[in-house]
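Novice: With the input below, show me the fold.
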Amino acid sequence: MSVIVAYGDSNTWGYDPAAGARFAPGVRWTGIMQSELGASFKVIEEGLNGRTTVFDDPIEPYRNGLAYLPPCLLSHAPLDLIIISLGCNDLKRRFWLSASDIAQGVERLVLTAKSFPVGRNGGPPDIILAAPPPVVELTAFADMFEGAREKSRELGARYRAVAKLHGVGFVDAGEHIHCSPLDGIHFEADQHARLGRVMAATVRERLG
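Specialist: Residues are numbered from 1 along each chain as shown. As a prediction, the model looks like this:
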């Protein structure tokens, strides 16, 4: 059985922009991916609301993605592949980061994952880097994500460059799905379904 860890934020957790609750397992993109891949794959969800790439949040603690990545990798070893899907929360006004800063944060996550011998036969796991789709018009999160729309449009190209440089898989989610107009940053159920199918196809390609 191939083991896949989906390491992300609220969109991996399955935040429903309409209800403010969590989508059911079979609705989340991770659940769709599991269904598409079948019983020879095991998908482990590691989504956390507010998780950043490498930054400590002064208001919401325990959200630093780099800090939790090593124990996450070690606890799920051996694993075949990790999907890193972070960066949206780095767009918050409180961090005031550039798109370049966010891409460098993601690069640190990739390099960290590559340095841990938690894959099969003592090697590193394979990696797929997923760029978040661009932020759309913000509603309830407008103040928190001030200035995010413009910077979010740069992330796809910058993440692609990181993936190419380090020889890992890449999915630009913005080429396949869009954020909900209900809040501007989360995915509705139909977009989870689309992303789950895209990720399943990418996983099959990476793992043969």
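
Novice: those helices in the protein, which residues are they?
Specialist: If DSSP state H is used as the criterion, the helices of the chain fall at 10-13, 29-37, 65-76, 99-114, 148-152, 155-166, 189-207.

Novice: now these as CSV including mean neighbour count and distance to residue 179?
Specialist: All C-beta spots, glycine's among them, are computed from the backbone N, C-alpha and C. Formatted as CSV, the entries for the helices of the chain read as follows, by neighbours: other Cβ atoms under 10 Å; distance: least, Cβ to Cβ, whole Å:
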stretch, mean neighbour count, distance to residue 179
helix 10-13, 23, 9
helix 29-37, 23, 13
helix 65-76, 17, 20
helix 99-114, 19, 16
helix 148-152, 19, 9
helix 155-166, 18, 12
helix 189-207, 19, 8
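
Novice: Export the ones you listed as JSON lines, with columns for distance to residue 129 and mean pLDDT.
Specialist: Written out in JSON lines, the entries for the helices of the chain read as follows (distance: least, Cβ to Cβ, whole Å; pLDDT from 0 to 100):
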{"stretch": "helix 10-13", "distance to residue 129": "14", "mean pLDDT": "98"}
{"stretch": "helix 29-37", "distance to residue 129": "15", "mean pLDDT": "98"}
{"stretch": "helix 65-76", "distance to residue 129": "13", "mean pLDDT": "98"}
{"stretch": "helix 99-114", "distance to residue 129": "6", "mean pLDDT": "98"}
{"stretch": "helix 148-152", "distance to residue 129": "16", "mean pLDDT": "96"}
{"stretch": "helix 155-166", "distance to residue 129": "5", "mean pLDDT": "98"}
{"stretch": "helix 189-207", "distance to residue 129": "10", "mean pLDDT": "97"}
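
Novice: closest to residue 82 out of those?
Specialist: helix 99-114 (5.5 Å; Cβ to Cβ).

Novice: Pull the distance from that closest one to the chain's centre.
Specialist: 12 Å (Cα atoms, centre = their mean, to the nearest Å).

Novice: Now that helix - C-alpha only, CSV.
Specialist: Extracted as CSV, the C-alpha positions of helix 99-114 are listed here (Å, rounded to 0.1, in the frame of the first residue of the first chain):
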residue,chain,number,x,y,z
ALA,A,99,5.1,36.4,-3.0
SER,A,100,8.8,35.8,-3.1
ASP,A,101,8.9,35.4,0.7
ILE,A,102,6.1,32.9,0.6
ALA,A,103,7.8,30.9,-2.1
GLN,A,104,11.0,30.8,-0.1
GLY,A,105,9.0,29.5,2.9
VAL,A,106,7.6,26.7,0.7
GLU,A,107,11.1,25.9,-0.5
ARG,A,108,12.2,25.4,3.1
LEU,A,109,9.4,22.8,3.5
VAL,A,110,10.5,21.0,0.4
LEU,A,111,14.1,20.9,1.5
THR,A,112,13.1,19.7,4.9
ALA,A,113,11.0,16.9,3.6
LYS,A,114,13.8,15.8,1.2
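
Novice: Show me what that helix is in contact with.
Specialist: Residues lying outside helix 99-114 but in contact with it, judged by Cβ atoms under 8 Å, 6 or more residues apart in numbering, are 52-55, 65-66, 69-70, 73, 82, 84, 86-87, 90-91, 97, 124-125, 127, 129, 151-152, 154-155, 158-159, 161-163, 165-166, 168.

Novice: List the residues that contact residue 127.
Specialist: 81-84, 110, 113-114, 166, 168-169.
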